[in-house]
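>>> No sequence on hand, only this structure:
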């Protein structure tokens, strides 16, 4: 498992947090998901053999948020 924190723009409320967690759960191989609305970040652990970083970023943008890094 690898740990990653992504800076994300556009998250404002509890609905946004739930949308990200649901999107990650659909991918699989991602755990310890922490969405910080205050800091505009998503921290998580992932298995790169199951969840490619490109798929993770795509899942975030598919929900309507911008991945900044």
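Great, that's in hand. Just so it is clear, the model here is predicted, and its values are computed rather than measured. Residues are numbered from 1 along each chain as shown.

>>> Can you check the distance spanned by stretch 1-16, start to finish?
25 Å (Cα to Cα, to the nearest Å).

>>> Let me fix that, I meant to ask about stretch 42-58.
14 Å.

>>> Report the buried residues of it.
Using 16 or more other Cβ atoms under 10 Å as the burial criterion, the residues of stretch 42-58 that qualify are 42, 44, 46, 51, 56. To be clear about C-beta, it is placed using only N, CA and C from the backbone, and glycine gets the same treatment.

>>> which residues are contacting that stretch?
For stretch 42-58, the surrounding residues in contact (Cβ atoms under 8 Å, 6 or more residues apart in numbering) are 1-6, 8, 20, 24, 27-36, 60, 67.

>>> Quick one: buried ones out of those?
The neighbour-count test (16+ other Cβ under 10 Å) applied to these identifies 6, 8, 20, 24, 29-30, 33, 35, 60, 67 as buried.

>>> returning to that earlier point: mind checking which of the contacts of stretch 42-58 land in helices?
Under the assignment DSSP state H, those contribute 20, 24, 27, 60 to helices.

>>> contacting residues for the residue lying closest to residue 46 once chain neighbours are set aside?
Using Cβ to Cβ, 6 or more residues apart in numbering and skipping residues adjacent in sequence, the residue nearest residue 46 is residue 30, 4.6 Å away. Neighbour list for residue 30: 24, 44-47, 51, 56 [criterion: Cβ under 8 Å, 6+ apart].
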